[in-house]
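A.B. asks: Following is a predicted model, sequence given first.
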Amino acid sequence: MAKMSSDTLWELAAAEVQRQQSEAGEGPGGETVCERSVFLIGSKAGGKTSILLRCLERDEPPKPTLALEYTFGRRAKGHNTPKDIAHLWELGGGTFLSDLIQIPITPDSIRSLSFVLVLDLSKPNALWGTMEKLLNVAQAHVEKVFSEAQKSKPGGKRQKAAHPAARVLPQDYPDRELISPFPVPLLIIGSKYDLFQDFDSDEKKVIRKTLRFLAHYYAASLIFTSIKSESLMSKTKSFFSHLAFGLDRGKTVSCDSSKPLIIPAGSDSFSQIGSPPSADIDITSLHAKNPKDLWKKLYERVFPSESHSEQRELKDPAKDPQYSEPQIDAMRAQKDQELEQYKRNAAKSWKELQLEA
């Protein structure tokens, strides 16, 4: 008679689950499958979807992003090897739906998470407000999730985990003590460069220097691009693939004022960027709290912020033209009229009852 195993059914089941979990990150031949998450945020109608589709080499027309959308990309490391996976999230609506930023930021995704901030260069008045709102919300959620993940495991033991900023900032990073790095890798894309080229030279100088300052301040990479330029999209794809699949982003660096900016993180410095373009403004009169606040005040002297007006316009998404549906909108208008008529009749009836009383 065969000897019975001393393991109980539950112990065997637990061992099987542990084995499957240990193999979940491996391909058929034992090769590790790497999974990363990339979150695209930025200007409303700034070209995020178009850029994403081009980077994924998908030949399909872009559609307006409805709230928060998910897709994924896969790339093989070599012949007959398992494909790495990139989980790709995109937030629509500019800053209006910024509360949804928290959804893809989880304890599981935080270790391999990166952000792509797409800023529409053709709308400079909304640029700073969009950047500030979205990055502030994203950073708050990233730091919150990371803090919670550090506290304890189910067994009560504290996790020994490095802060995710270490993934972004090497020890020899330029101006390391003067900047405030974003807690996970960040790529800033200035979109619609083809329209930006038609701007006044002084205006272009302000935008270029300001974005260089912001990118360096957040320890981010910066690239200007246009979906109408194959060359620029090729370079943009290299930066994107670096975040999504860990590929080499190339060594191209361009700070030339007559060309699109291409500046990998760590390739710039405050001394190269220079002082903010102040023109004839007395800087001391601005009462800036810190260097970033000074750049903001000077930038908004040239391009007054439109972030508040954008939020007012988007207060009712049902009236947003990018989500228009003629038949549904016509029915909605009819129902709105009926509701207003009902309110008027109800108010009239109430007044008559009060008079009778």
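C.D. replies: Here it is on my side, so go on.

A.B. asks: Residue 226 against residue 192, yeah?
C.D. replies: Yes. Contact criterion C-beta atoms under 8 Å: residue 226 and residue 192 qualify, at 6.2 Å. Where you see a C-beta, it was placed from the backbone N, CA and C, and this is true even at glycine.

A.B. asks: quick one: the strands in the stretch 151-300 of the chain?
C.D. replies: 186-191, 221-224, 262-263 (DSSP state E, counting those that start in this stretch).

A.B. asks: Run through who's touching the second one.
C.D. replies: The contact list for strand 221-224 (C-beta atoms under 8 Å, 6 or more residues apart in numbering) reads 121, 186-190, 193, 196, 211-212, 215, 232, 235-236, 239, 249, 260-265, 268.

A.B. asks: Can you tell me the strand partners of it and which way each runs?
C.D. replies: Take DSSP bridges as the rule and strand 221-224 pairs in its sheet with strand 186-191 (parallel), strand 262-263 (antiparallel).

A.B. asks: nearest to residue 52, of those?
C.D. replies: Across the strands paired with strand 221-224, residue 52 has its closest neighbour in strand 186-191 (10.6 Å, C-beta to C-beta).

A.B. asks: Over that closest one, what's the mean pLDDT, rounded is fine.
C.D. replies: Averaging pLDDT along strand 186-191 gives 98.

A.B. asks: Indicate which one of the strands paired with strand 221-224 is closest to residue 299.
C.D. replies: strand 186-191 (14.1 Å).

A.B. asks: Just give me how far that closest one sits from the chain centre.
C.D. replies: The chain centroid and the centroid of strand 186-191 are separated by 9 Å under C-alpha atoms, centre = their mean, to the nearest Å.

A.B. asks: ok, and what's touching it?
C.D. replies: With C-beta under 8 Å, 6+ apart, strand 186-191 has contacts from 42-43, 46-48, 51, 114-121, 131, 135, 168, 196, 207, 211, 214-215, 218-227, 236, 239-240, 243, 261, 265.

A.B. asks: do the same with stretch 240-258
C.D. replies: When contacts are defined by C-beta under 8 Å, 6+ apart, stretch 240-258 is touched by residues 34, 36, 38, 51, 55, 73, 75, 84, 86, 88, 114, 116, 185, 187, 204-205, 208, 212, 221, 235, 238-239, 260-264, 267-268, 272.
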